[in-house]
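Novice: This is the structure alone, sequence omitted:
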C-alpha cells in the first residue's frame, strides 16, 4: 500500500512526475488576486500521463491564497477516493507546502490539543477538519507530493490557469472545464 509522502526540498521535477507509478495524477492549485482578495481553485487530472479533465471554481470574493489551496486539495481528496475505490493508484501533486502540512502533519497535533495551536487560532479550521477526516480514510493508499509552482510542470501550470479562470469567471461551484483540452491554448491563458 502507498504511504503519503511529502517532498519539500528537492520537490518533484517534470520528469519525476512523469515517472511516478500512478494511474491517476491530480494537480492542485489555488490563487488569490490580491492576497487577501478574490480567490479560486483549480485541478488538472491526468490518467496515464494524459490530461483528461480540468476543474475550476470555489470562488471567494474575500478569500486568501491558503483557503484557495486548501479548497483545491480538498477537491483532489474527494476525487482520489473514487479512483482508489476502483483500485487505481493515485498521486496528488500540490504546490502548497502549507496545505499539505495542514492535513498530513499539523492536524494530528491540533486534534490532540482540542483543535488549538499555540500562537492563535487555526485559520480555515472547519475545512481542515473535514479534509483531515478524509485524509485519514485514504492515507494508506494515497501519495501526496509537493511540486514547485511556476517552474514549467505542465499539470501544475494547468491547475494554475484553472484557479485564475475561477476568479475571472467568479465561479462559486466546482465545475468541470468544458473547453477543448488544448494544452498550449490553456497555458496561454492568464497565469496566477
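Specialist: Yes, it's here. Quantities reported herein were computed from a predicted structural model and do not represent experimental measurements. Residues are numbered from 1 along each chain as shown.
Novice: From here on, just use CA atoms for contacts and neighbour counts.
Specialist: Will do.
Novice: so which helix or strand takes in the closest residue to residue 117 other than its chain neighbours?
Specialist: By the measure of C-alpha to C-alpha, 6 or more residues apart in numbering, the closest residue to residue 117 outside its immediate chain neighbours is residue 110, 6.0 Å from it. Residue 110 belongs to helix 107-112 when assigned by DSSP states H and E.
Novice: Show me which positions of that helix end up buried.
Specialist: For helix 107-112, the neighbour count (16 or more other C-alpha atoms under 10 Å) marks 107, 110 as buried.
Novice: Next secondary structure after it?
Specialist: That would be, after helix 107-112 and using DSSP H and E, helix 125-138.
Novice: In its sheet, which strands sit next to whichever helix or strand comes after that following helix, and in what direction?
Specialist: Using DSSP H and E, the helix or strand that follows helix 125-138 in sequence is strand 142-146. Strand 142-146 has the following strand partners under DSSP bridges: strand 90-94 (parallel).
Novice: List the contacts of the partner strand.
Specialist: 22-29, 73, 76-77, 80, 83-84, 100, 141-147, 156 (C-alpha atoms under 8 Å, 6 or more residues apart in numbering).
Novice: I'd like the mean pLDDT over the longest helix anywhere in the chain, please.
Specialist: Longest helix in the chain by number of residues, with DSSP state H as the criterion: helix 65-85. The average pLDDT for helix 65-85 rounds to 98.
Novice: quick one: low-confidence parts of this structure?
Specialist: Along the chain, the model assigns pLDDT under 70 to residues 1-10.
Novice: mind redoing it with 90?
Specialist: The model of the chain has pLDDT under 90 over residues 1-10, 118-120.
Novice: Now do the buried residues in the longest strand belonging to it.
Specialist: Assignment by DSSP state E gives strand 50-63 as the longest strand of the chain. By neighbour count with 16+ other C-alpha under 10 Å, strand 50-63 contains the buried residues 51, 54, 55, 56, 57, 58, 59, 60, 61, 63.
Novice: Need the residues you listed in a markdown table (columns: distance to residue 124).
Specialist: Formatted as a markdown table, the buried residues of strand 50-63 follow (distance: C-alpha to C-alpha, whole Å):
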| residue | distance to residue 124 |
| --- | --- |
| 51 | 31 |
| 54 | 25 |
| 55 | 22 |
| 56 | 20 |
| 57 | 18 |
| 58 | 14 |
| 59 | 15 |
| 60 | 13 |
| 61 | 15 |
| 63 | 10 |
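Novice: Max pairwise distance over the residues you listed: which two?
Specialist: Using C-alpha to C-alpha, the pair of those lying farthest apart is 51 and 61, separated by 29.3 Å.
Novice: For residue 143, see how far away residue 118 is.
Specialist: Using C-alpha to C-alpha, to the nearest Å, residue 118 is found at 29 Å from residue 143.
Novice: Who has more neighbours out of those two?
Specialist: residue 143 (20 against 8; other C-alpha atoms under 10 Å).
Novice: what are the bridge partners for that one, then?
Specialist: residue 91.
Novice: show me what contacts residue 30?
Specialist: 39-42, 65-72, 160, 163.
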